[in-house]
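> Need coordinates for the following:
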Amino acid sequence: MLALEQIKNPSEAVQLAAVQKSGQAIRYLKNPSETVQLAAVQQNGWAIEYIENPSEAVQLAAVQQSGNAIYYIKNPSDTVRTWAALFQ
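All right, here's what the predicted structure looks like:
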């Protein structure tokens, strides 16, 4: 992850490779695409903590990976709450 900080403008392929290895790597990315966000939370649901305004799809992927990731989601929808309860 430290190497990711040293790359000025990593390509989406590099970003994907990094978050697939460790979802937490998303914290070093500025404005990651939804594809990168999804890959990060699928690897580690708690990575949603580092995503500003995640879409409902990203929120759902996060709570499906770890139901407790809901604690990092501001104003989750009823659907997201339901899925989080199922995966806790």
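> Taking the centroid of the chain, which residue is nearest it?
residue 41 (3.4 Å; CA atoms, centre = their mean).
> Was I right to think it contacts residue 57?
No - using CB atoms under 8 Å, residue 41 is not in contact with residue 57, being 9.7 Å away. Bear in mind the C-beta positions are built from the backbone N, C-alpha and C, glycine included.
> hang on, the earlier thing: which residues sit in contact with the residue nearest to the centre of the chain?
23, 47, 48, 51, 54, 58, 61, 62, 65, 69 (CB atoms under 8 Å, 6 or more residues apart in numbering).
> Quick check, pLDDT for the second one.
The predicted structure scores residue 47 at 98 on the pLDDT scale.
> wait, doesn't it sit right on residue 40?
Yes - contact criterion CB under 8 Å: residue 47 and residue 40 qualify, at 4.3 Å.
> Pick out whichever of these two has more residues nearby.
Neighbours were counted for residue 47 and for residue 40 using other CB atoms under 10 Å; residue 40 has more, 33 against 27.
> Could you identify the helix or strand that succeeds the host helix or strand of that one?
According to DSSP states H and E, residue 40 maps onto helix 34-43. Downstream of helix 34-43, the next assigned helix or strand under DSSP H and E is helix 56-65.
> ok, then the element right after that next one?
Counting by DSSP H and E, the next helix or strand C-terminal to helix 56-65 is helix 78-86.
> Which strands and helices lie in contact with that next one?
helix 56-65 (3 or more CB pairs under 8 Å, 6 or more residues apart in numbering; DSSP states H and E).
> For residue 6, report the pLDDT, please.
Reported pLDDT for residue 6: 80.
> What of residue 53?
For residue 53, the model assigns a pLDDT of 94.
> so how many other residues sit close to it?
With other CB under 10 Å as criterion, residue 53 counts 6.
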